[in-house]
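[1] All I have is the shape, not the residue letters:
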């Protein structure tokens, strides 16, 4: 990060935007004392001299607090204990007063939790709000929210935004880091854009339309984010109408109503619907990740039994899961070992690849997908979210599946990498791969898919293609589909 200027005003919600690797996290860590600065100064209101911040404790004493995407509280403790743990001024107070103070703060901020409640019983959204309440009670003047909405549904996001607006009225300055453009334009006053560790500029929200924001983040004056489908040639083989996979009356132990599904060779289709609609559960049933309770699956016209993921893999089906950290990557293993994992499973544990073979595979896909890594030996947990996602894609491409399921492949990654992945999906389809693409962003689904299966309340309520593939039609189908 070089020569970055950043100004946050009282009572302002300020978005910090940029691709992965742009310098957002570095700036936050410098402001909070996790990293030391080589040069430059940090000034806070009311201080004549530059602030000295050598640690997060120094930052907290100055009124700078951070709430991270990954909850850093203690789930086995109560809400009150999490709010006051490590606070010297609370050590000698009795628990009756501590709980009363916590309840008062929770009520003031309209947070639906109780002081004595164990934190683990709260939703992720409420846990984040408790972390914010802790910061506010410590006389927070600057609140940094680092990807706070990535694991929240729409209702929870709105609750968080209500709290943010309340804190804004109280004069708290909020730095909001997110990859969701719609959220930026809904709640923020200003945007600062970083690219390659340098400042691109600071803008009033009204002066920076979405297309211009994307262009500044990527360093390109382009408008092809909405037109990438036109760049990908459709699959034109003689077997273009061949049904690769079909499911009839498929149902799983996750409460999915029986559904029918098919996908043709070289087609990109998808499941869409609100969070919790059942879109992920449908593909998990197809892949055997959830227990199928009824229905049949056929590959290339022949019925196959898929009760485990290994059965799906052996039938040429690959699955990139919704949560890459829990179900996708193995953080301690190297980039190389994560890439060869699926192919090694198919080959068998007793027939391991030599290191030379493994490196050859890794080199090929690191180059093909432009994965940014220091080496093949780098632990995958050290990579950015976008590059971790590319490694999982590499894993499945190496296994050469006939049918590829991508569940939220662009969640939590920067706009530039999103476009790269979308273009790659269309390129693979043009070469004959069949792909099911799922995203919580409907505009991304429209750009990428030629046909959408619409879900609501864990059942299929419609199917859209051609001229019907619009935001309005999707929303109206979700709202009214399936009504008698």
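    Done, it's in. Being a predicted model, the structure only gives us computed values, none of them experimental. Numbers count the residues shown, from 1 in each chain.
[2] What lies in contact with stretch 363-380?
    Outside stretch 363-380, the residues that touch it by C-beta atoms under 8 Å, 6 or more residues apart in numbering are 21, 329-336, 338-339, 358-359, 362, 382-384, 387-388, 390-391, 393-394, 397-398, 420, 424. Bear in mind the C-beta positions are built from the backbone N, C-alpha and C, glycine included.
[3] what pLDDT, on average, does stretch 381-390 get?
    Taken as a whole, stretch 381-390 has an average pLDDT of 84.
[4] How far does that stretch stretch from one end to the other?
    Distance between the two ends of stretch 381-390: 13 Å, counting by C-alpha to C-alpha, to the nearest Å.
[5] Which positions within it qualify as buried?
    Residues of stretch 381-390 classed as buried by neighbour count (16 or more other C-beta atoms under 10 Å): 383, 384, 385, 386, 387, 388, 389, 390.
[6] Return the residues in contact with the last one.
    To tie it back to what came earlier, the one meant is residue 390. Contact criterion C-beta under 8 Å, 6+ apart gives 369, 370, 371, 417, 421 as the residues in contact with residue 390.
[7] Please report the distance of the closest residue to residue 276 other than its chain neighbours from residue 95.
    Of all residues not flanking residue 276 in the chain, residue 153 sits nearest, at 6.7 Å (C-beta to C-beta, 6 or more residues apart in numbering). Residue 153 sits at a distance of 34 Å from residue 95 (criterion: C-beta to C-beta, to the nearest Å).
[8] Also residue 9?
    In this structure, residue 9 and residue 95 are 39 Å apart, going by C-beta to C-beta.
[9] The two: which has the busier surroundings?
    Summary of the neighbour comparison: residue 9 and residue 95, criterion other C-beta atoms under 10 Å, with residue 95 having more neighbours (14 against 11).
[10] Relative to residue 138, how far out is the more buried one?
    Noted for residue 95: a distance of 19 Å to residue 138, by C-beta to C-beta.
[11] do the same with residue 51
    The spacing between residue 51 and residue 138, counted by C-beta to C-beta, is 16 Å.
[12] Low-confidence regions, the stretch 201-350 of the chain specifically.
    Within the stretch 201-350 of the chain, the ranges that satisfy pLDDT under 70 run 218, 220-233, 275.
[13] try it again with 50
    For the stretch 201-350 of the chain, the stretches with pLDDT under 50 are 222-226.
[14] Among the contacts of stretch 363-380, which are located in strands?
    Judged by DSSP state E, the contacts of stretch 363-380 include no members of strands.
[15] Give the ChimeraX command for selecting the buried subset of those.
    Selection command for ChimeraX covering only the buried members of those, criterion 16+ other C-beta under 10 Å:
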select :21,329,334,335,336,338,339,358,359,362,383,384,387,388,390,391,393,394,397,398,420,424
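[16] who touches the longest strand along the chain?
    Assignment by DSSP E gives strand 243-252 as the longest strand of the chain. Strand 243-252 is touched from outside by 256-265, 281-282, 284-286, 290-301, 317, 402-403, 434, with contacts defined as C-beta under 8 Å, 6+ apart.
[17] Among these, name the ones in strands.
    In strands, defined here by DSSP E, the members of the contacts of strand 243-252 are 259-264, 292-299, 317, 403, 434.
[18] From the residues you listed, keep the buried residues only.
    Burial by neighbour count, 16+ other C-beta under 10 Å: within the ones in strands among the contacts of strand 243-252 this picks out 259, 261, 262, 263, 264, 292, 295, 297, 299, 317, 403, 434.
[19] Next, format the residues you listed as CSV and append distance to residue 159.
    Rendered in CSV, the data for these read as follows (distance: C-beta to C-beta, whole Å):
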residue, distance to residue 159
259, 31
261, 34
262, 39
263, 37
264, 42
292, 35
295, 37
297, 39
299, 44
317, 38
403, 38
434, 39
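[20] circling back: so which of the buried residues of stretch 381-390 is the closest to residue 72?
    Distances from residue 72 to the buried residues of stretch 381-390, taken as C-beta to C-beta, are shortest for residue 385 (17.9 Å).
[21] Go ahead and confirm that closest one touches residue 409.
    No: with the criterion set as C-beta atoms under 8 Å, residue 385 and residue 409 do not qualify as a contacting pair; they are 11.0 Å apart.
[22] neighbours around residue 184, how many?
    Around residue 184 sit 21 other residues, with neighbours defined as other C-beta under 10 Å.
[23] three-state assignment of it?
    When classified by DSSP: H, G, I helix; E, B strand; the rest coil, residue 184 comes out as helix.
[24] Look up the pLDDT of it for me, please.
    At residue 184, the model reports a pLDDT of 90.
[25] Residue 411 against residue 178, yeah?
    No: with the criterion set as C-beta under 8 Å, residue 411 and residue 178 do not qualify as a contacting pair; they are 11.8 Å apart.
[26] overlap in contacts of the two?
    Taking C-beta under 8 Å, 6+ apart as the contact rule, the neighbours common to residue 411 and residue 178 are residue 150.
[27] quick revisit: for the contacts of residue 390, point out the one with the lowest pLDDT.
    The pLDDT minimum for the contacts of residue 390 sits at residue 417, where the score is 74.
[28] Name the nearest residue to that one, ignoring sequence neighbours.
    What sits nearest to residue 417 in space, not counting adjacent residues and going by C-beta to C-beta, 6+ apart, is residue 386, at 3.6 Å.
[29] quick one: that neighbour from residue 392, how far?
    Relative to residue 392, residue 386 is positioned 11 Å away (criterion: C-beta to C-beta).
[30] Next, the contact list for residue 475, please.
    Listed by C-beta under 8 Å, 6+ apart, the contact set of residue 475 reads residue 442.
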